[in-house]
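Peer 1: Kindly return the folded structure for what I paste below:
(chains A and B)
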2 protein chains.
Amino acid sequence: MTVGEGRTEIKGGGVTTPRGFRAAGVSAGIKANGALDLALLVSDTPATAAAVFTINRAQAAPVVVSREHLSKSGGLARAVIVNSGCANACTGEAGMAVARAMADDAARLVGCPVEQVLVASTGVIGVALSIENIRGALPAAFRALGADQGAVAARAIMTTDPFPKEAAARAGQFSIGGMAKGSGMIEPMMATMLGFVTTDASISQPLLDRALRDVVNDTFNAITVDGECSTNDTVMLLANGASGARIGDDNYGAFVDALRSVCLELALGIVRGGEGATKLVTVTVTGAASVEDARRAAKAIANSPLVKTAIHGGDPNWGRLIAVAGRAGVAFELAAAAVTIGSTVLFKDGAPHDENAPRAAEYLKGKEIAVSVDLGAGGASSTVWTCDLSADYVRINADYRT
Amino acid sequence: MTVGEGRTEIKGGGVTTPRGFRAAGVSAGIKANGALDLALLVSDTPATAAAVFTINRAQAAPVVVSREHLSKSGGLARAVIVNSGCANACTGEAGMAVARAMADDAARLVGCPVEQVLVASTGVIGVALSIENIRGALPAAFRALGADQGAVAARAIMTTDPFPKEAAARAGQFSIGGMAKGSGMIEPMMATMLGFVTTDASISQPLLDRALRDVVNDTFNAITVDGECSTNDTVMLLANGASGARIGDDNYGAFVDALRSVCLELALGIVRGGEGATKLVTVTVTGAASVEDARRAAKAIANSPLVKTAIHGGDPNWGRLIAVAGRAGVAFELAAAAVTIGSTVLFKDGAPHDENAPRAAEYLKGKEIAVSVDLGAGGASSTVWTCDLSADYVRINADYRT
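Peer 2: Sure, this is the predicted structure:
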């Protein structure tokens, strides 16, 4: 198979599936329960790096530091250090010092310039992150680095995630792997979670950056759990060229295709593991006057508590879907609109089809739900993914710090 | 006391507190459980009328009909007919015919032109409303009309509301009274609920319209339960002049002041009775670059599931307040921002004050909670009201139709 031809999913793969990447996950004592909370990801050689960060104006210290490092290094990275259990956000100058110290310590161990270390944190906002915890555990993480430790690293970046998220794909000579964590504060305005994607393809920084931005919009930015956008959200993509496969104009499409498949699988994993989620919901809006309208309506539906509770309760309440489409601030023609749940039409051309409700109710008992709304206003469409809203979401978030 | 001087709340008052208004509430069998579901409000003489309606593009049939009638009558109304249990929304031509028939039947009984009857409905979307139910019960409602039946009418317009909402105030020679219903699908983009306000003041239609619009923005449009905007939301204001008090430029301020007090009490009642609500939350945003920014940030905070669940859980999680302010799309300076819960400062000038968290946690055990966020970006401010998000909200809405 030549470079970029075909694409196969690699079951059980993750950030260490591409050659030349090693990872580790250890417990640094940041989480009170002693769970894994520190991950290290290292490329054997300096990797080309691209990243997208939260658009939240309250940017966490690690976001500020990673931005700086990417800029100073000219888009090169040897290592990524990630902690869970503490977001190191809204922590002022002290928090900035800790984020810088994390990078310093990792750079010294790995043996690279500090600007080639990227930093990420996730957990409670506004709590001081102890550099002592990180410093104490980092040598063990460094010793534990292995090409078979991707799954451990994926566990170490979790907070309220019910399961780790990993994905990998091979396309010709190169492969792409990734890990991600959710699982609340997930909104698609940006890469609203932590995601780390590696590849052993060789690709210029501008092309890598373009690929990441091309893919993020339809994957990490097309999911939502609760419409919240965190202070720390970050997706990083590292390409170390260890496979020898070079990405250029001829095989860029194949690269983006593989990258999209990995990112989409991670993104859907985040939704499946959304706080309190019991169902994965695919929301498709068609008949929109523009793609922007379609996306806006789809997000409004995906974030609607009334829609999400109805789906949770197995209620084919198409009226709520219409009501949200109507208030989404987009072109909408009630007389030409339609609502479909699964393959069952419940509203069409301005008239209800409640005779189909029992079939839709049966369908809603499943774990993977598709709903679609036709706005009756044009030819554009968009798809986003979300989860249902359960009483467990409330319990998890009412008790998060207690 | 002269016209417009002073203002006193009238405890237990409602739509029939102003002279010349009679109301009734009966059971028409629209609600399966036989509860009150049809209200009639009649003014002895044609009243000047103003209304604001939902901005949802999927407008329910009664909204369309009431708009038409207000326009045709030149802003005069003798009667309002309201049913609960069925929204008569997304019901196509058949639904329009039912809304028109409701008005016809009421007009015949009351003895007025049909365009002087306004119509409102609330309940499940997309279910056909039976004119037979209405027609069967309307004569009884007409017979039951009384100046002491405002409280019954207020019960008849309820859906999931845990209690009826009424308010009244007297200012000099005139009085203002009102009733409202919530209690989900409450978002401040418009008068997102049903509200009916009466006054025995005499006021020109343009001035009445201006007064309603002046007041709605800081009352009914400043509340939110779940960020949803319904297909049926309506606030109507009827002025019949029965008190003899004339409102002009000299006492317009006193009129608006009394109107605002009634509308705010009704609006806060809606929030207190929000689906699953256990706390009334006042969200104030200060330090904004503009009033629009302040309102936008306040609404984002008030609609944030993470903020609402934290308050529900009694967690002084100021980080979530900062995070929402940061993603609200408004000017925001983290280093100059502040978060106050009750009177307790938890974040100021870029630094946490977690030493104050125990005091804030104690305060959060109360039923009336105030939180404020300073954006650190200017001098404008805005206040909105919301409720907490509980597991009961999910239960109510997952099971609404079952």
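
Peer 1: What is the lengthiest helix in chain A packed up against?
Peer 2: In chain A, ranked by residue count with DSSP state H as the criterion, the top helix is helix A:252-272. If you count contacts as 3 or more CB pairs under 8 Å, 6 or more residues apart in numbering or on different chains; DSSP states H and E, helix A:252-272 packs onto strand A:165-171, strand A:174-181, strand A:194-199, helix A:205-216, strand A:280-288, strand A:380-387. C-beta coordinates here come from the backbone N, C-alpha and C atoms, glycine included.

Peer 1: In a markdown table: the ones you listed, plus mean pLDDT and distance to chain B.
Peer 2: Output for the helices and strands packed on helix A:252-272, formatted as a markdown table (pLDDT from 0 to 100; distance: least, CB to the nearest CB, whole Å):
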| stretch | mean pLDDT | distance to chain B |
| --- | --- | --- |
| strand A:165-171 | 95 | 21 |
| strand A:174-181 | 95 | 16 |
| strand A:194-199 | 95 | 15 |
| helix A:205-216 | 95 | 17 |
| strand A:280-288 | 96 | 13 |
| strand A:380-387 | 94 | 12 |
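
Peer 1: Out of the ones you listed, which one sits most buried?
Peer 2: The highest average neighbour count among the helices and strands packed on helix A:252-272, using mean count of other CB atoms under 10 Å in any protein chain shown, belongs to strand A:194-199 at a mean of 30.

Peer 1: contact partners of it?
Peer 2: Here strand A:194-199 makes contact (CB atoms under 8 Å, 6 or more residues apart in numbering or on different chains) with A:15-18, A:21, A:41, A:43, A:47, A:80, A:82, A:120, A:122, A:157, A:174-181, A:220, A:232-240, A:255, A:259, A:262-263, A:266.

Peer 1: how about 6 Å then?
Peer 2: Applying CB atoms under 6 Å, 6 or more residues apart in numbering or on different chains, the external contacts of strand A:194-199 come out as A:15, A:18, A:21, A:120, A:122, A:157, A:176-181, A:234-239, A:266.

Peer 1: picking that back up, and the longest helix of chain A, what's its mean pLDDT?
Peer 2: The average pLDDT for helix A:252-272 rounds to 93.

Peer 1: Restricting to C-alpha, output that helix in CSV.
Peer 2: Output of helix A:252-272 as CSV, limited to C-alpha atoms (Å, rounded to 0.1, in the frame of the first residue of the first chain):
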residue,chain,number,x,y,z
TYR,A,252,-2.9,15.7,2.1
GLY,A,253,-6.4,14.4,1.5
ALA,A,254,-5.6,10.9,2.8
PHE,A,255,-3.8,12.5,5.8
VAL,A,256,-6.8,14.6,6.6
ASP,A,257,-9.1,11.7,6.1
ALA,A,258,-7.2,9.6,8.6
LEU,A,259,-6.9,12.5,11.0
ARG,A,260,-10.6,13.1,10.9
SER,A,261,-11.4,9.5,11.6
VAL,A,262,-9.2,9.5,14.7
CYS,A,263,-10.5,12.9,15.9
LEU,A,264,-14.2,11.9,15.3
GLU,A,265,-13.8,8.7,17.2
LEU,A,266,-12.2,10.6,20.1
ALA,A,267,-14.9,13.2,19.9
LEU,A,268,-17.8,10.7,19.9
GLY,A,269,-16.1,9.0,22.8
ILE,A,270,-16.3,12.2,24.7
VAL,A,271,-20.0,12.5,24.0
ARG,A,272,-20.6,8.8,24.9
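
Peer 1: returning to that earlier point: need the helices and strands packed on helix A:252-272 in JSON lines with distance to A:R327, can you?
Peer 2: Converted to JSON lines, the helices and strands packed on helix A:252-272 look like this (distance: least, CB to CB, whole Å):
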{"stretch": "strand A:165-171", "distance to A:R327": "33"}
{"stretch": "strand A:174-181", "distance to A:R327": "31"}
{"stretch": "strand A:194-199", "distance to A:R327": "31"}
{"stretch": "helix A:205-216", "distance to A:R327": "27"}
{"stretch": "strand A:280-288", "distance to A:R327": "14"}
{"stretch": "strand A:380-387", "distance to A:R327": "17"}
